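Participant: with the input below, show me the fold.
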Amino acid sequence: MLYTDEMLLQVERPARYIGSELNRVIKHAEDVDIRFAFCFPDTYEIGMSCLGLQILYYFLNRREDTLCERVFAPWHDMEKLMRERQFPLVTVDSYAEVHSFDFVGFTLQYEMGYTNMLNMLDLSGIPMLSADRGEDDPIVCAGGPCTYNPEPLADFVDFFYIGEGEVVLDDILDLYKTNKQNGGTRVDFLASLLQVKGVYVPRFYDVAYLADGTIAAFTPNHPDAPAIVEKVIVEDLDKSFFPTEQLVPLVETVHDRATVEVFRGCIRGCRFCQAGYVYRPVREKTHETLLTQAEKLIAASGHDEVSLVSLSTGDYRSFKPLAEGLLQAFNGCGVNISLPSLRIDAFNLELMAKVQEVRRSSLTFAPEAGSQRMRNVINKNLSEEEIMDGCTLAFTGGWNRVKLYFMIGLPNEEDEDIDGIGKLADAITDRFYTLPADKRPRPVSISVSASCFVPKPFTAFQWAAQDTMETFERKQKRLKQSSRRTKQVRIATHDADVSVLEGVMARGDRRVGAAIQKAWELGARFDGWSEWFNMDIWTRAFDDTGTDIAFYAARKREYTETLPWDFISIGVDKSFFIREMERANKASATPDCRTACANCGAKRFGGGVCFE
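Facilitator: Numbers count the residues shown, from 1 in each chain. Below you'll find the model as predicted:
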């Protein structure tokens, strides 16, 4: 079903909806057995910057029997037109109605996209609740980092995929195809998924609650449903699927570049970082593989920048030969190399100068906390001396713009830790002015960004109480007064109410789903966009559904409490997280995985950093 020219001329960015990108896969519905609508619950510009979407789009389309097309959340102006004209949600690839697909799969990257997911289901004409779907409705599934606590969306999703998509997606599609050929029902198919590792089907589990609102029991109600759902991982990244080309949008996106995945996981063990634990163990690609992938992607896309992506790129063991190989491969081609997630203590001035010789940008570092005590609490393993030395290297190398990322509201935080953020920014500024005048032709600019801490499942802080909105706002006010260098240091903070809501959904149980649905009914959309976020809507939704914000966000959990995500195994033992929480309370650091094994449990996967 095509958008009319009249519709496209009335919306802000019509190119969001027309597809036709370079390197798209063209297939026809009549030539395949399975049609998969890959849905990203945010705008086209955001979704097309997601490496996971790029990988799985080509991964699914490599199957001759499967067609995968993309779907993005329509912006407010387009949604208004669609509802006025009763125009259904369609894919950007062939403008096929989403409801006509066999699978409608969502990648859940951020909790604030949950209402967009519900809105996309509604615009597609798909019953919102899994229990209301019939044989003619698609199978609704979800994967991504948010599914490590799938319970807030349990009533809306037919099955969740826990782990890395390349592992058992083929098995799932094969089961669907067999079930379809045998005349099986959707319930038959969902039951068959219980034999697939990494798959969680909510309808086959019951939850009971205690009088205090905590979980009394989480029990399978089907004989084949496993009591524990184990995540799945790619064991050898060199041998795993990675596309030789990437879709090239016709409009500018958030990350408009070729992207190469260096490794998965992280050795650092920062106690606030969910990704660092759910993607354990660290598994690296060889630099030869990365060079080949980068060269193919640039040749197929025409991009002028290649980004090396990981949770901490500076920890890549073959970082130097990789960077030197990329510089040689793209010498004279005007191709810039982007290095996100660089640790300040891994900074190499000479190498960075070469890497950014095409287009020098600001440097970004993440001290996360303003005092050494707090950095020990969160296990950042980064000293103030290392921070200062790294910035000094940057300044002497010609950089004059530095971005610093921090969090406020961390467990065990005191007011002096907040003050320490401004003092650290001032000290970095002061260090700049110790350089000779001829070494600093331009003034220094220090950008401080402070987000509000959100406790996440599968971290040491999953039991911690989150600050209230009032406490966050008080700390933000204090932070903005903490620097004396008001001309050189700019301090920005994030919306406290959004962070508290994120905390509710990050650690919520099934009952939170009712509040999410109510907020959608009241008009919540694009909650991750500050200009569209409306806390009044959410407050009313919580009130109308009897959902207590403080119960999910501001309440400290006991170690003995059954958590909504306890039935999922990421390979890291709960006992390890308890040990890490106790070490945090003592401001005691834990060495990184390559310095000393902390026996977290990830050895069970039989590979990666655990066996290097």
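
Participant: shouldn't residue 491 be in contact with residue 478?
Facilitator: No. The pair residue 491 / residue 478 is not scored as a contact, 10.8 Å apart, by CB atoms under 8 Å. For the C-beta atoms, the positions are set from N, CA and C on the backbone; glycine is no exception.

Participant: ok, those two, which is more surrounded?
Facilitator: Neighbour tally, residue 491 and residue 478, criterion other CB atoms under 10 Å: the higher count belongs to residue 491, 21 against 15.

Participant: tell me if I'm right that residue 294 and residue 329 touch.
Facilitator: Yes. The pair residue 294 / residue 329 is scored as a contact, 7.2 Å apart, by CB under 8 Å.

Participant: neighbour-wise, which of these two wins?
Facilitator: Between residue 294 and residue 329, counted using other CB under 10 Å, the more crowded position is residue 294 (23 against 15).

Participant: so that one, which state does it fall into?
Facilitator: Assigned with DSSP: H, G, I helix; E, B strand; the rest coil, residue 294 falls in the helix class.

Participant: the bottom helix or strand of this protein by mean pLDDT?
Facilitator: Between all helices and strands in the chain, the lowest mean by mean pLDDT, DSSP states H and E belongs to helix 349-355, at a mean of 63.

Participant: run through the residues that contact residue 149.
Facilitator: Taking CB atoms under 8 Å, 6 or more residues apart in numbering, we find residue 149 in contact with 457, 506-508, 564-565, 568.

Participant: quick one, domains of this protein?
Facilitator: 5-230, 234-361+601-612, 362-494 (automatic domain parsing).

Participant: show me how far the first one is from its chain's centre.
Facilitator: Counting by CA atoms, centre = their mean, to the nearest Å, domain 5-230 is centred 17 Å from the centre of its parent chain.

Participant: likewise for the shortest one?
Facilitator: Centroid displacement of domain 362-494 relative to its chain, using CA atoms, centre = their mean, is 22 Å.

Participant: buried set for stretch 181-201?
Facilitator: Buried residues in stretch 181-201, counting neighbours by 16 or more other CB atoms under 10 Å, are found at 184, 186, 189-194, 196, 198-201.

Participant: among the contacts of residue 149, which ones are buried?
Facilitator: Looks like the contacts of residue 149 have 457, 506-508, 564-565, 568 buried, using 16+ other CB under 10 Å.

Participant: ok, so of those residues, who is nearest residue 211?
Facilitator: residue 564 (17.5 Å; CB to CB).

Participant: so how far is residue 551 from that closest one?
Facilitator: 12 Å (CB to CB, to the nearest Å).

Participant: same question for residue 257.
Facilitator: 43 Å.

Participant: in the chain, which ranges drop under the pLDDT threshold?
Facilitator: 340-362 (pLDDT under 70).

Participant: helices or strands next to the lengthiest helix in it in the packing?
Facilitator: What stands out as the longest helix in the chain, according to DSSP state H, is helix 415-432. Counting contacts by 3 or more CB pairs under 8 Å, 6 or more residues apart in numbering; DSSP states H and E, helix 415-432 is packed against helix 372-377, helix 384-396, strand 401-408, strand 445-452, helix 469-480, strand 489-493.

Participant: which stretches of the stretch 1-150 of the chain form helices?
Facilitator: For the stretch 1-150 of the chain, the helices defined by DSSP state H, counting those that start in this stretch cover 5-8, 44-47, 51-61, 76-85, 114-124.

Participant: any chance of those in CSV, with distance to residue 244 and mean neighbour count too?
Facilitator: Shown next, in CSV, are the helices of the stretch 1-150 of the chain (distance: least, CB to CB, whole Å; neighbours: other CB atoms under 10 Å):
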stretch, distance to residue 244, mean neighbour count
helix 5-8, 32, 13
helix 44-47, 21, 22
helix 51-61, 8, 20
helix 76-85, 33, 15
helix 114-124, 30, 24
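
Participant: name all residues that make contact with residue 455.
Facilitator: Counted by CB under 8 Å, 6+ apart, residue 455 has contacts 272, 461-466, 503, 506-507.

Participant: that's a helix at it, yeah?
Facilitator: No. Going by three-state DSSP, the assignment for residue 455 is coil, not a helix.

Participant: related to what we said a few turns ago, which one of the contacts of residue 455 is nearest residue 369?
Facilitator: Distance ranking of the contacts of residue 455 against residue 369, using CB to CB, places residue 272 first at 9.7 Å.

Participant: contact partners for the closest one?
Facilitator: Residues in contact with residue 272 (CB under 8 Å, 6+ apart) are 368, 378, 407, 410, 453, 455-456, 459-461.

Participant: of those residues - the most surrounded one?
Facilitator: residue 460 (28 neighbours).

Participant: the residue lying closest to residue 557 once chain neighbours are set aside: neighbouring residues, count only.
Facilitator: Leaving out its chain neighbours, the residue that sits closest to residue 557 by CB to CB, 6 or more residues apart in numbering is residue 463, at 4.1 Å. Residue 463 has 19 neighbouring residues, counting by other CB under 10 Å.

Participant: one more: the one 4 residues further on?
Facilitator: Residues near residue 467, counting by other CB under 10 Å, number 25.

Participant: dump the helices and strands packed on helix 415-432 to CSV, plus distance to residue 306.
Facilitator: Listed next are the helices and strands packed on helix 415-432 as CSV, based on distance: least, CB to CB, whole Å:
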stretch, distance to residue 306
helix 372-377, 32
helix 384-396, 22
strand 401-408, 21
strand 445-452, 25
helix 469-480, 36
strand 489-493, 29
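
Participant: quick one, which of those is nearest to residue 171?
Facilitator: strand 445-452 (38.1 Å).

Participant: out of the buried ones among the contacts of residue 149, who's nearest residue 178?
Facilitator: residue 568 (26.8 Å).

Participant: relative to residue 418, how far out is the residue positioned nearest the centre of the chain?
Facilitator: Against the mean C-alpha coordinate of the chain, by CA atoms, centre = their mean, the closest residue is residue 109 at 4.1 Å. Applying CB to CB, the value for residue 109 to residue 418 is 29 Å.

Participant: what do you get for residue 535?
Facilitator: To residue 418, residue 535 is 23 Å away according to CB to CB.

Participant: the more surrounded of those two?
Facilitator: Neighbours per residue (other CB under 10 Å) separate residue 535 from residue 418, with residue 418 holding more: 25 against 16.

Participant: so where do the strands sit in the stretch 501-612 of the chain?
Facilitator: In the stretch 501-612 of the chain, the strands defined using DSSP state E, counting those that start in this stretch lie at 568-569.

Participant: also the stretch 101-250 of the chain?
Facilitator: All strands of the stretch 101-250 of the chain, identified by DSSP E, counting those that start in this stretch, fall at 103-107, 139-143, 159-161, 199-200, 205-209, 215-220, 229-230.

Participant: parallel or antiparallel, list what pairs with the third one.
Facilitator: In its sheet, strand 159-161 lies beside strand 139-143 (parallel), strand 199-200 (antiparallel), with partners assigned from DSSP bridges.

Participant: and if you look at the last one?
Facilitator: Strand pairing for strand 229-230, using DSSP bridges, gives strand 568-569 (parallel).

Participant: swap in the first one?
Facilitator: Partners of strand 103-107 in the sheet, by DSSP bridges, are strand 34-40 (parallel), strand 139-143 (parallel).

Participant: deepest in the core, which of the ones you listed is it.
Facilitator: strand 34-40 (a mean of 25; mean count of other CB atoms under 10 Å).

Participant: specify the angle between that strand and helix 51-61 in degrees.
Facilitator: Put simply, strand 34-40 runs at 170 degrees to helix 51-61, going by axes from the mean of the first three to the mean of the last three CA atoms, to 10 degrees.

Participant: for residue 584, which non-adjacent residue is closest in space?
Facilitator: Nearest residue to residue 584 in three dimensions, chain neighbours excluded: residue 377, at 5.0 Å (CB to CB, 6+ apart).

Participant: Serialize the strands paired with strand 103-107 to a markdown table and add fields for distance to residue 288.
Facilitator: Putting the strands paired with strand 103-107 into a markdown table (distance: least, CB to CB, whole Å) gives the following:
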| stretch | distance to residue 288 |
| --- | --- |
| strand 34-40 | 30 |
| strand 139-143 | 30 |
